[in-house]
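A.B. asks: Need the 3D shape of this:
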Amino acid sequence: MDINLKTLISKLNDTTRAAATRAASICLGLGQYEVDVEHLFLGLIEQPGSDLAAIARQCDISLTGLEADLRREVGRFATGSARTPVFSRHLPLLFEHAWLIASLGSGQPNRIRSSHLLLALLTEPSLAQLAQRASKLFARFPLDRLKHDLERLTRGSTEAPEIQAEEAVGAGADAASDLTQAATRATPALDQYTTCLTARARDGKVDPVIGRDTEIRQAIDILMRRRQNNPILTGEAGVGKTAV
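C.D. replies: Numbering: from 1, shown residues only. The predicted model follows:
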């Protein structure tokens, strides 16, 4: 599975997105070159009421101790950068596996929670090695329970689906209506993993294509054929293939 990083970031929920922003801030403040998993989990520890906090509380794992270990590990990273840091190669891998876990865990459109990030960290082999090197406390998280009893472990978390739903209702009737419609659509999987360009165009969310009338008409003609109806757009980079 190869998913664009921008797409993966868009799958983060409010808590994990705030943690990612905080991770970048920590990295920048230390003058380090890459935002890595350790920065991200430092950001997650700072998020009140998260899945991570709930799980640590249920399992009697000290987040203070985990934070100290992570800061010690981060202190070993190279410093001296005067530029905006970039994501390390570990974060896209972490986000990708977390999104897979989030998708498999629910039939409804979902977002990446901190529990998904934790489970991805502990189950993806290369990331698991990184976690064990960063802190031995990661080994105390019960992997089997995380896989099969996540709802109970995260009880009381602000990331829990029922809490998210209550916040959506509080945000207004329109938002609640949108959630209801999304849940009752006839094609939930298609709605979750694809974008309806027809609906976006109808809502004025697609920019107009200028100067490509001939190409568009040719594509339409090909699409209307009974056979040989798959248009192929070729050309140099930047000439407008994606726009067409």
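A.B. asks: which outside residues touch stretch 206-221?
C.D. replies: Stretch 206-221 has contacts (CB atoms under 8 Å, 6 or more residues apart in numbering) with 197, 200, 231, 233, 240, 243, 244. To be clear about C-beta, it is placed using only N, CA and C from the backbone, and glycine gets the same treatment.
A.B. asks: mind checking the end-to-end distance for it?
C.D. replies: End-to-end distance for stretch 206-221, by CA to CA, to the nearest Å: 22 Å.
A.B. asks: quick one: low-confidence parts of the chain?
C.D. replies: 1-3, 106-109, 161-189, 192 (pLDDT under 70).
A.B. asks: hey, where'd the strands end up in it?
C.D. replies: Secondary structure of the chain (DSSP state E): strands at 34-35, 86-87.
A.B. asks: Is it possible to get CSV of the ones you listed that adds mean neighbour count?
C.D. replies: Compiled in CSV, the strands of the chain are given as follows (neighbours: other CB atoms under 10 Å):
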stretch, mean neighbour count
strand 34-35, 20
strand 86-87, 16
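A.B. asks: now the ones you listed in JSON lines, with distance to residue 218?
C.D. replies: JSON lines is the format used below for the strands of the chain (distance: least, CB to CB, whole Å):
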{"stretch": "strand 34-35", "distance to residue 218": "45"}
{"stretch": "strand 86-87", "distance to residue 218": "40"}
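A.B. asks: and of these, who's closest to residue 140?
C.D. replies: strand 34-35 (25.4 Å; CB to CB).
A.B. asks: I figured residue 95 hits residue 112, correct?
C.D. replies: Yes - in this structure, residue 95 is within contact of residue 112 by CB atoms under 8 Å, at 6.7 Å.
A.B. asks: Between the two, point out the one with more neighbours.
C.D. replies: Between residue 95 and residue 112, residue 112 has the larger neighbour count (other CB atoms under 10 Å), namely 29 against 25.
A.B. asks: Who are the contact partners of that one?
C.D. replies: Counted by CB under 8 Å, 6+ apart, residue 112 has contacts 8, 11, 12, 13, 16, 95, 98, 99, 102.
A.B. asks: Inside helices: which ones of the contacts of stretch 206-221?
C.D. replies: 197, 200 (DSSP state H).
A.B. asks: Turn the contacts of stretch 206-221 into JSON lines, including distance to residue 60 and neighbour count.
C.D. replies: Output for these, formatted as JSON lines (distance: CB to CB, whole Å; neighbours: other CB atoms under 10 Å):
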{"residue": "197", "distance to residue 60": "50", "neighbour count": "10"}
{"residue": "200", "distance to residue 60": "48", "neighbour count": "11"}
{"residue": "231", "distance to residue 60": "60", "neighbour count": "14"}
{"residue": "233", "distance to residue 60": "58", "neighbour count": "13"}
{"residue": "240", "distance to residue 60": "58", "neighbour count": "13"}
{"residue": "243", "distance to residue 60": "55", "neighbour count": "15"}
{"residue": "244", "distance to residue 60": "58", "neighbour count": "14"}
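A.B. asks: which one of the contacts of stretch 206-221 sits closest to residue 159?
C.D. replies: For these, the nearest to residue 159 is residue 200 (28.4 Å; CB to CB).
A.B. asks: wait, what's in contact with the closest one?
C.D. replies: residue 206.
A.B. asks: Then residue 44?
C.D. replies: So, once contact is read as CB under 8 Å, 6+ apart, residue 44 ends up touching 15, 16, 19, 50, 52, 114, 117.
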